[in-house]
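*Asks:* Return a 3D structure for these sequence lines:
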Amino acid sequence: MASRSIQGRMMGFVNDLFDEKSESTFDELLTKWKVSKSEFGYWLKDKRFLKEIKRRIYWASKRGEIFVARYILTAAVKLVYLTDSKRSETARRACLDILNFSRPGRGPGRPPGRPKNPEVPSAAVSELTDQEASTILESLAKVKSSG
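*Replies:* All right, here's what the predicted structure looks like:
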């Protein structure tokens, strides 16, 4: 009966590859585990190996998202604080970042563009271009400085 998960050198290599404390390069790991590049090529054809790699990538990605999520509130508070900066460019950029962050589907790590699900109606701010948002911010700054 065939094993359902990888073992031996394969598992050791994968463990070291995803070890957060390891400073080894990919080539150093190949040497450490006595894996030739051609053997590694065979490993890449092994469904069990690929499944384990994908599983590790998934969990590393989730851990990263959780780590970043822990600091979203701190980052938002700092951005709000920066909107009152004496340097107008700093304040303008902080305001733009807040507007961009508040757009549906435009949270941390999400590239500019349409929201994740374009079929869901979005708030009016999500329809603003960066130029329109910048114009609004300039107008608000003029009102603030004259008031």
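*Asks:* How far does the helix or strand that contains G64 sit from its chain's centre?
*Replies:* Using DSSP states H and E, the element containing G64 is helix 47-69. Between the centre of helix 47-69 and the centre of its chain there are 13 Å (CA atoms, centre = their mean, to the nearest Å).
*Asks:* now swap in stretch 63-83 and tell me
*Replies:* The answer for stretch 63-83 is 13 Å, by CA atoms, centre = their mean.
*Asks:* how is the chain carved up into domains?
*Replies:* 8-69, 72-146 (automatic domain parsing).
*Asks:* quick one on the thing from earlier: buried sites along the helix holding G64?
*Replies:* 48-49, 52-53 (16 or more other CB atoms under 10 Å). In this view, the C-beta of every residue, glycine as well, is placed from N, C-alpha and C.
*Asks:* quick one on the thing from earlier: could you tell me the least trusted of the domains of the chain?
*Replies:* Ranked by mean pLDDT, the domains of the chain end with domain 72-146 at the bottom, a mean of 70.
*Asks:* just to revisit the earlier point, what angle do helix 47-69 and the helix or strand just after the helix holding G64 make with each other?
*Replies:* Next helix or strand after helix 47-69 toward the C-terminus (DSSP H and E): helix 72-82. Inter-element angle recorded for helix 72-82 and helix 47-69: 40 degrees (by axes from the mean of the first three to the mean of the last three CA atoms, to 10 degrees).
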